[in-house]
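**Q** only the shape, not the letters, is given here:
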């Protein structure tokens, strides 16, 4: 996964904007127990009487004078207990406070002397001179530290997830969760202003094919029958269009039982959008505007229109349908350079209908043998048998394959002096993923990725189907994606050549979202299901409610879904979805804090008409 060079969250996120410091005597966060948030106090509040509530972040007992940093969701403020303004018994009690204890503090906000100001704290120009305090939430010694010294490493992630309530007190995570809230509100405002209705769809539903396993839920009142948790609201949003709601959105919870990684969770959130009487261009324009509104929340401007690339061109030039366009290293076809040579590896690939493809790496000839071996290991992990290596030194072309190349073959390769060429021989199903991984690794290894550059891209004209090794067809997106009208006739003769009215939006090599125009003709929907091996009886059993609804008159419609967790991760500058989700799962799909999943008592299973088998 590419890490994105975006503005750090600290640079733009004042959690509560100017409203925090509007007047010294009031706060929109005032309650019966507190007048202000600790982290909102500024020089303009000097002289104000304040009541604060928060956690003891740090404490320094200097013998007769006690300083503590009080923390709440807005940040930290220094509280001083000094005989000049604090009774002695209060100072004595303050010196015994433990970390993470919740206290209420009363006192006066005062300007710090110039030589004692702390430029590293937002509240560094002031302190609260305490008159009194009381403990309202006693705390045991925390299992993991919340406060960290400069350069101090975080505890292991597994330990932090086990004690997530403490981990979530860290300023970094609090800012991420606050940013997530702001992005949700920006999304709602943007779509509401354009006439979209936020409509909830069921969580307990019917299993549908979405590309991953369903989480299933047994029914107590219907023995032997099961609900499924939705992988997406796909069918329901189509039904809403058929029902005449015209423009729908939902910040939807979705569930997929699949292998996990840093940017994947078993339960996740997506921004789900559907509209009627539209074409792809309508959704693309809407999405570009919505993304602009979200990036604006972080103080960033993005292009009004994004670059576009057809799927076939993306795969041919970059080996990926989500290419990172911030750097070159384009894939080229070297088949003709090797055709007719005596090099066995390329001859076998060409004879089997494959090709020889690769990338030219400027300055790559300087890479060591060990470094190229490491790059080759990455290609092998993506399915390639190995890499053909060629480089041009001052003495000419070097590499095991060089002696098999004719003069015209060398010329066709076009390798410049100082360049390294890495090639894969085989079918596209092998060369595409391998060269994509090689391209990404080389760009990072040689520092070819420009800092603070954003490359947005629409990938269009996806194929509707792919042919599996067993000869069966499967959907590239899902079975409800509409074919390009120009390719309808190919459904009978060459279905794998049919283009879909589908589109994905990509940022710096990371897919942010994808969507399509849907099938609104019941006969065409049945035909597509049939091509996918779903017979009429099964189609009616699994999708009868959609097919019947389509038969009642369905408008042309389509939409898009954005991975909201991923978008929040990008804008927060985080490297894992777990850093922008309050209570995430591990890569083993475990919730360490809640200790889930867990066993169920036998009597509960019996009520659900289930029994355990070994």
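**A** Now that the structure is in, tell me what you want to look at. Since the structure is predicted, the reported quantities are computational estimates derived from the model, not experimental observations.
**Q** mind listing what the closest residue to residue 355 other than its chain neighbours touches?
**A** In space, and not counting its chain neighbours, residue 355 is closest to residue 335: 4.6 Å by C-beta to C-beta, 6 or more residues apart in numbering. C-betas here are computed from N, CA, C, even on glycine. Shown in contact with residue 335 (C-beta atoms under 8 Å, 6 or more residues apart in numbering): 346, 350, 355, 356, 357.
**Q** what's the answer for residue 78, then?
**A** By C-beta under 8 Å, 6+ apart, residue 78 lies in contact with 67, 68, 69, 70, 112, 118, 121, 123, 127, 128.
**Q** so where does it fall, helix or strand?
**A** Residue 78 is part of strand 75-81, with elements assigned from DSSP states H and E.
**Q** how many residues are close by residue 494?
**A** Other residues near residue 494 come to 11 when the count uses other C-beta atoms under 10 Å.
**Q** relative to residue 474, how far out is it?
**A** Distance of residue 494 to residue 474, computed by C-beta to C-beta, to the nearest Å: 16 Å.
**Q** what does residue 586 give?
**A** Distance of residue 586 to residue 474, computed by C-beta to C-beta: 30 Å.
**Q** residue 449 contacts residue 442, doesn't it?
**A** No: with contact defined as C-beta atoms under 8 Å, residue 449 does not reach residue 442; the gap is 10.4 Å.
**Q** between the two, which one's more packed in?
**A** Between residue 449 and residue 442, counting by other C-beta under 10 Å, residue 442 is the more crowded of the two (22 against 18).
**Q** what helix or strand is the more buried one on?
**A** In the assignment (DSSP H and E), residue 442 maps to helix 428-445.
**Q** list the buried residues of that helix.
**A** 430-443 (16 or more other C-beta atoms under 10 Å).
**Q** helices and strands around it, which ones?
**A** With contacts taken as 3 or more C-beta pairs under 8 Å, 6 or more residues apart in numbering; DSSP states H and E, helix 428-445 sits against helix 311-318, strand 331-333, strand 355-361, helix 369-381, strand 420-426.
**Q** what's the most buried one of the ones you listed?
**A** strand 420-426 (a mean of 27; mean count of other C-beta atoms under 10 Å).
**Q** tell me the strands beside that strand, with direction?
**A** Here strand 420-426 is paired, per DSSP bridges, with strand 355-361 (antiparallel), strand 388-393 (antiparallel).
**Q** would you single out the least confident of those strands?
**A** The minimum mean pLDDT among the strands paired with strand 420-426 belongs to strand 388-393 (a mean of 93).
**Q** ok so, going back, out of the buried residues of helix 428-445, which comes closest to residue 580?
**A** Residue 580 lies nearest to residue 440 out of these, by C-beta to C-beta, at 22.8 Å.
**Q** how far away is residue 417 from residue 302?
**A** 39 Å.
**Q** compare these two (neighbour count), which wins?
**A** The neighbour comparison of residue 417 against residue 302 (other C-beta under 10 Å) goes to residue 302, with 14 against 10.
**Q** what helix or strand is residue 106 located in?
**A** Using DSSP H and E, residue 106 falls in strand 102-111.
**Q** for that strand, the averaged confidence score.
**A** On average, strand 102-111 scores 98.
**Q** fine, thanks again, bye for now.
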